[in-house]
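Enquirer: coords please:
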Amino acid sequence: MKKMKNILTVDLEDWHSLVQRGLTGHLPGASPILFRQMDRLLQLLDSYNTKATFFVLGAVAEHQPDLVKSLAASGHEIASHGYAHIPIYRLTPEQFREDTRKSKQILEDLIGSEVSGYRAALFSIIKDTLWALDILAEEGFQYDSSIFPVYHHRYGIPGFCPHIQSYPLRNNLSIIEIPPSVTFFGKIPLPIAGGGYFRIMPSWFLHIMVRNLSNGKNPLVIYLHPYEIDTQPLNIFDFFQPNNWRHYLYGWRYNISRIVGYKSIHSKFNNLLKLYDFIPCKLFLNQFAAEGKFILPNDRSANNIV
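Expert: This next block holds a predicted model:
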């Protein structure tokens, strides 16, 4: 029996820059630490000959074009994470279209090929922002990976289908949704896809949940950020000097929120790479299409499911 391929995704953003923007309202260029984090991540992926989808923030690509070009040349898929990392529920449809179009253009100019995938900042396609899927399809995206089928105070659509599926949209368009993985405790969805969930979840529990989900019918859809496998705890004050008490207190809050469990991420992620086969989103979708299990959205007859 052919072994199920799983999906590995990386949200390529710079933690220090985003925290500084949260404190000051100004988004600076990527910090030098991002390269240390990316080197560690890419070394780990290379050790297992694994390629991933990198959802690249447009602002990072604008400041570090060679990094994006290098990723594409190495066989990783480049997809869009928007430009400014602003949750969609803080944008109008017109602002969202502008942000999305700007990021897509920057990335496509850098890699010289089409960008097919999108992931929203903070998984912010929720019930009130489902209109974003129509805009994504109109802007030429084949798939989205922004809907987390869980309840969270900042994101998620509880009850949303946890499997990869193509959805018909307006104007005879459609888009494939690739939700991050969840498993179920009874009827309660438990997020196990990555990020902070990897940090706080005990290794033995994560292993049980992933094993239960990996049943040969649906892929694991995993995400992480470069800063999560850093060799050192994150410290916003490495590159930002607060000039008031609010910046100082909020800066420490951000620091503390990323310290918990950070030392466990590398080993947990390493074990997943050792046990399971991962490929980029687009390659997974193309393989399913080639096997006749799926119709991609550029075929306008498509509204089937995996």
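
Enquirer: In stretch 48-68, which residues are buried?
Expert: 50-64, 67-68 (16 or more other Cβ atoms under 10 Å). (Each C-beta comes from the backbone N, C-alpha and C, glycine too.)

Enquirer: repeat for stretch 175-193
Expert: Buried-residue list, stretch 175-193, by 16+ other Cβ under 10 Å: 175-183, 189-193.

Enquirer: measure that stretch end to end?
Expert: Counting by Cα to Cα, to the nearest Å, you get 21 Å between the two ends of stretch 175-193.

Enquirer: cool, and stretch 218-237?
Expert: 42 Å.

Enquirer: and the gap between the residue lying closest to Phe237 once chain neighbours are set aside and Asn243?
Expert: In space, and not counting its chain neighbours, Phe237 is closest to Gly251: 6.1 Å by Cβ to Cβ, 6 or more residues apart in numbering. Separation of Gly251 from Asn243 (Cβ to Cβ, to the nearest Å) stands at 11 Å.

Enquirer: What of Phe96?
Expert: Counting by Cβ to Cβ, the gap from Phe96 to Asn243 is 33 Å.

Enquirer: who has more neighbours, the two?
Expert: Using other Cβ atoms under 10 Å, the more surrounded residue of Phe96 and Asn243 is Phe96, with 23 against 9.

Enquirer: which stretches of this structure form helices?
Expert: Counting by DSSP state H, the chain has helices at residues 15-24, 33-47, 58-63, 65-73, 93-111, 131-138, 196-200, 203-213, 245-259, 262-275, 281-290.

Enquirer: Most tightly packed of those?
Expert: Mean neighbours per residue, mean count of other Cβ atoms under 10 Å, is largest over those for helix 58-63, with a mean of 22.

Enquirer: That one - what's its average pLDDT?
Expert: The average of the pLDDT scores along helix 58-63 is 95.

Enquirer: Over to stretch 280-293?
Expert: On average, stretch 280-293 scores 82.

Enquirer: gap between that stretch and the chain center?
Expert: Remark: stretch 280-293 is offset 19 Å from the chain centroid, using Cα atoms, centre = their mean, to the nearest Å.

Enquirer: and what of stretch 27-45?
Expert: 16 Å.

Enquirer: switch to numbering from 677
Expert: Got it, the first residue is 677 from now on, which makes the last one we talked about stretch 703-721.

Enquirer: contacting residues around it?
Expert: 686, 688, 690, 692-694, 696-697, 727-728, 735-736, 739-740, 743, 750, 760-761, 902-903, 905-907, 914-915, 942, 945-946, 949 (Cβ atoms under 8 Å, 6 or more residues apart in numbering).

Enquirer: 7 Å instead, please
Expert: By Cβ atoms under 7 Å, 6 or more residues apart in numbering, the residues outside stretch 703-721 that reach it are 690, 692-693, 696-697, 728, 735-736, 739-740, 743, 760, 902-903, 905-907, 915, 946.

Enquirer: Same question for stretch 764-774.
Expert: With Cβ under 7 Å, 6+ apart as the criterion, stretch 764-774 contacts Asp775, Ala796, Ser800, Ile801, Ile802, Asp804, Thr805, Trp807, Ala808, Ile811, Glu815.

Enquirer: Dump the residues you listed into a markdown table; add distance to Arg846 as well.
Expert: Converted to a markdown table, the contacts of stretch 764-774 look like this (distance: Cβ to Cβ, whole Å):
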| residue | distance to Arg846 |
| --- | --- |
| Asp775 | 20 |
| Ala796 | 19 |
| Ser800 | 21 |
| Ile801 | 16 |
| Ile802 | 19 |
| Asp804 | 17 |
| Thr805 | 15 |
| Trp807 | 10 |
| Ala808 | 13 |
| Ile811 | 10 |
| Glu815 | 13 |
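
Enquirer: CSV for these, including pLDDT and distance to Ile782?
Expert: As requested, the contacts of stretch 764-774 are exported to CSV (pLDDT from 0 to 100; distance: Cβ to Cβ, whole Å):
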residue, pLDDT, distance to Ile782
Asp775, 98, 11
Ala796, 98, 17
Ser800, 97, 20
Ile801, 97, 21
Ile802, 97, 26
Asp804, 96, 28
Thr805, 97, 23
Trp807, 98, 23
Ala808, 98, 19
Ile811, 98, 17
Glu815, 97, 13
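
Enquirer: of these, closest to Ile932?
Expert: The shortest approach to Ile932 among the contacts of stretch 764-774 belongs to Ser800, at 23.8 Å (Cβ to Cβ).

Enquirer: nearest residue to that closest one other than its sequence neighbours?
Expert: Pro763 (3.8 Å).

Enquirer: Now do the same contact list for the one you found.
Expert: Applying Cβ under 7 Å, 6+ apart to Pro763 gives the contacts Ala797, Leu798, Ser800.

Enquirer: Fine by me, thanks again.
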